[in-house]
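Peer 1: Build me a model:
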Amino acid sequence: MEDLRLSWILVDKNTGKAVNLSSWKPLSVQKSWPYHATYVMQFGCVLPVEESLLPQKLARFIITARFKMTEREECLKWSEISMRIENIEGAHVNGRSSLMILSKALYSQRSANQFKLEEGLRRYDKQKTEMMRRRESRESFG
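Peer 2: Numbers count the residues shown, from 1 in each chain. Just a heads-up that it's a prediction; the model follows:
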């Protein structure tokens, strides 16, 4: 399962610019139903953005793929593929901000170095954990 690859290519028809918003390997793999071979995989990447778009200056693209493994054919039967943009608090980004972030993604340098991409995801998760810890600490004192 972890060897599965997915590309989510964003293309600007006017300029011909394109970017792959997917990670090289799944960020997570979960069995959706205990007794069926239905799985949910997540791919994605992290993009630094201006503070005017998001105060935390990081956006995360999350691509969710839901599929079922067929026993006879040993292949995947896709049932859903979707993409969303989240801020570091896990809230969906939409409207003008999401369009500006998508535009920035088209013109950003994507690294071909898998280690750099994984390091970016680790930094994002670390910053998110630290932010949640501070919030819980403030709430427990308040």
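
Peer 1: going forward, measure contacts and count neighbours with C-alpha atoms only.
Peer 2: OK.

Peer 1: so where do the helices sit in this structure?
Peer 2: 95-106, 114-141 (DSSP state H).

Peer 1: and the last one, which residues are buried?
Peer 2: Think helix 114-141. For helix 114-141, a neighbour-count test (16 or more other Cα atoms under 10 Å) marks 117-118, 120-121, 124, 127-128 as buried.

Peer 1: Stretch 72-83 now?
Peer 2: Buried residues in stretch 72-83, counted by 16+ other Cα under 10 Å: Met83.

Peer 1: Next up, the contacts around the most centrally placed residue in the chain.
Peer 2: Nearest to the mean C-alpha position of the chain, counting by Cα atoms, centre = their mean, stands Ile62 at 2.3 Å. Neighbouring residues of Ile62 by Cα atoms under 8 Å, 6 or more residues apart in numbering: 22, 42-45, 83-86.

Peer 1: and those, which are buried?
Peer 2: The neighbour count (16+ other Cα under 10 Å) marks 22, 42-45, 83, 85-86 as buried among those.

Peer 1: a markdown table for those residues, including distance to Phe141?
Peer 2: As requested, these are arranged in a markdown table below (distance: Cα to Cα, whole Å):
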| residue | distance to Phe141 |
| --- | --- |
| Ser22 | 40 |
| Gln42 | 36 |
| Phe43 | 37 |
| Gly44 | 35 |
| Cys45 | 35 |
| Met83 | 37 |
| Ile85 | 32 |
| Glu86 | 28 |
